[in-house]
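Q: Okay, here's the prediction I keep looking at, along with the sequence it came from:
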Amino acid sequence: MARHQEDSSDQPYDFRAQRLYVDDDLGEGTLVRLDRDRAHYVADVIRLEVGGALHLFNGRDGEWRAVREPAGRREAVLRCEARLRRQAEPADLDYVFAPLKHARLDYMVQKAVEMGAGRLVPVMTRRTQASRVNTERMRANVIEAAEQCGILSLPAVLEPSALARWLADLAPERRLVFCDEAAPEADPLAELREAVAGPLAVLIGPEGGFDEEERRLLKARPGTIVLSLGPRILRADTAAVAALAMVEAARQTAANFSAR
């Protein structure tokens, strides 16, 4: 598993360590009493003994080494010993998407988190197949992906809105990358090179694609980058990974160029 680059590390990342998300504030000496589900995970799933350690994070206070303290039979209490990594700000990158159904939406959310999205923004288009969006389930998938991939900054999950309303509310300084299956093929890294330095929104449409009125509306926004993802038609969840990987590659290329 490749190391995620969104955090500011004080120590080398330990890939073997168990990581756990909690809502509690974290700090040196802080005691964290886990809720029932997390206590079960610590005691019965990973079988952490008293005196054993794992890593805690909450999306605000960095990552901490925490040791299990003596407690009641059905309880799990952890004491923060030392901060391992400082908190970093999430990437100023909105991943905007037409919701999918069930497991494919779970997959897409998890991959967007892994690829560095700062906010997850569901939008309803004319051809969106999912009529309802379970944002609580999306947030649970965000946490699971962050726990598994060493990520400290949890992307915000926004409530769904209509595509036209979202577009009207989009800040003028945020560049829009419109991934259009009908766009002519071009060099995507060249297309993205100048856009990745500032706030960015990457838009992936529904499985049936955008209709012509939606396409016209998106292209009319000043500064929109119309991006082809290649010669093949991709499923929406695959397109998410492809688009965000291109953005990350363009950002790394720009960073390397400016460092010379």
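A: Received the coordinates, thanks. Keep in mind that what you see is a predicted model, and the values were worked out from it rather than measured.

Q: How far away from the center of its chain is the longest strand that the chain contains?
A: For the chain, the strand with the greatest residue count under DSSP state E is strand 77-86. Here strand 77-86 is found 23 Å from its chain centre; the criterion is Cα atoms, centre = their mean, to the nearest Å.

Q: Quick check: closest non-adjacent residue to the most centrally placed residue in the chain.
A: With distances taken as Cα atoms, centre = their mean, the residue of the chain nearest its centroid is Val113 (2.2 Å). Spatial nearest neighbour of Val113, excluding adjacent residues (Cβ to Cβ, 6 or more residues apart in numbering): Ala145 at 3.9 Å. In this view, the C-beta of every residue, glycine as well, is placed from N, C-alpha and C.

Q: so how far is Lys111 from that neighbour?
A: 8 Å (Cβ to Cβ, to the nearest Å).

Q: what's the answer for Val121, then?
A: From Val121 across to Lys111, the span is 15 Å (Cβ to Cβ).

Q: Could I get the buried residue list for stretch 133-143?
A: Within stretch 133-143, the residues that count as buried by 16 or more other Cβ atoms under 10 Å are Val133, Met138, Arg139, Asn141, Val142, Ile143.

Q: for whichever helix or strand comes after the longest strand of the chain, which positions count as buried?
A: Using DSSP states H and E, the helix or strand that directly follows strand 77-86 along the chain is strand 93-97. Using 16+ other Cβ under 10 Å as the test for burial, strand 93-97 gives Leu93, Asp94, Tyr95, Val96, Phe97.

Q: Kindly report the same for stretch 75-87.
A: Using 16+ other Cβ under 10 Å as the test for burial, stretch 75-87 gives Ala76, Val77, Leu78, Arg79, Cys80, Arg83, Leu84, Arg85, Gln87.

Q: What of stretch 214-222?
A: By neighbour count on 16+ other Cβ under 10 Å, the buried set for stretch 214-222 is Glu214, Arg215, Leu217, Leu218.

Q: now, which of those residues sits nearest Pro188?
A: Of all the buried residues of stretch 214-222, Pro188 sits closest to Leu218, with 17.1 Å by Cβ to Cβ.

Q: so what's that closest one closest to, chain neighbours aside?
A: What sits nearest to Leu218 in space, not counting adjacent residues and going by Cβ to Cβ, 6+ apart, is Phe178, at 4.8 Å.
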